[in-house]
Each structure stands twice: as C-alpha cells, then as structure tokens.
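> Prediction below, plus the sequence it came from.
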Amino acid sequence: MSGNYDNTDRGILSRNDRKTEDKHPEFKGTLNVGGVEYWLDAWVKERKDGSGRFFSLRVKAKDAPRTSPGERVTRAQPTVAGLDDDLPFAPEFR
C-alpha cells in the first residue's frame with residue numbers, strides 16, 4: 001500500500017477510550033476539509049421526544065488557539081484599507 005494516500009475531504013471518528021467525565025465526547029477523531037485539518041468530537045444524544053438518538057458534533061481547527069472550557073475564541077475582523085471609521089449617518093450618543 002502506498003503512503004501517498006490523499007486524505008482531503010475525509011475523516012475518522014473512533015470511540016473515546018479516554019473519557020473520564022460525562023461532559024467528555026463519546027467519540028473523537030480528525031477531519032480534513034479542503035486541505036484544512038480539524039479535530040472532531042461527537043456526543044450521542046437522545047431526542048427530546050424520545051423518538052431516537054443522534055450525534056451532536058463539534059469541529060475545531062487543529063491550529064486554533066487552545067482555550068479553557070467554555071471560553072470562546074474571537075477571530076479578528078478583516079480590515080479594508082481606505083475606509084474611515086467615522087459614520088456620518090450614525091446617531092450620536094450623549
């Protein structure tokens with residue numbers, strides 16, 4: 001088998017053997033979308049009406065900064081050269 005297999009737009013999900021708390025994902029894996037690598041976490045949830053189960057998923061870029069639980073990472077907003085921050089139509093607050 002060749003080691004040059006293209007994993008673009010593919011992924012893997014396996015049972016999380018290191019789960020020690022209820023909040024930890026039941027499955028963990030990796031996912032490649034368009035050449036970008038992501039971590040993939042999954043929890044098995046029960047539908048509110050009791051009609052079945054489903055996967056709840058979380059995807060996080062592998063190169064994203066680490067955060068503490070519950071903390072959200074904010075991404076910088078792109079700037080456009082030549083635009084003035086003063087809005088002549090914005091109401092003034094006093």
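Thanks, I have it.
> where along this structure do the strands fall?
Shown for the chain, the strands assigned by DSSP state E span residues 11-15, 27-33, 36-46, 53-61.
> Flag every buried residue along the first one.
In this case it means strand 11-15. Judged by neighbour count (16 or more other C-beta atoms under 10 Å), strand 11-15 contains these buried residues: residue 13. (C-beta placed from N, C-alpha, C; glycine too.)
> Can you list the strands that it pairs with?
Using DSSP bridges, the strands paired with strand 11-15 are strand 27-33 (antiparallel).
> which stretches of this protein have low pLDDT?
1-3, 66-94 (pLDDT under 70).
> picking that back up, winner for burial among the strands of the chain?
strand 27-33 (a mean of 16; mean count of other C-beta atoms under 10 Å).
> tilt between that one and strand 36-46?
140 degrees (axes from the mean of the first three to the mean of the last three C-alpha atoms, to 10 degrees).
> what's the angle between strand 27-33 and strand 53-61?
60 degrees.
> Kind regards, and thank you for your time.
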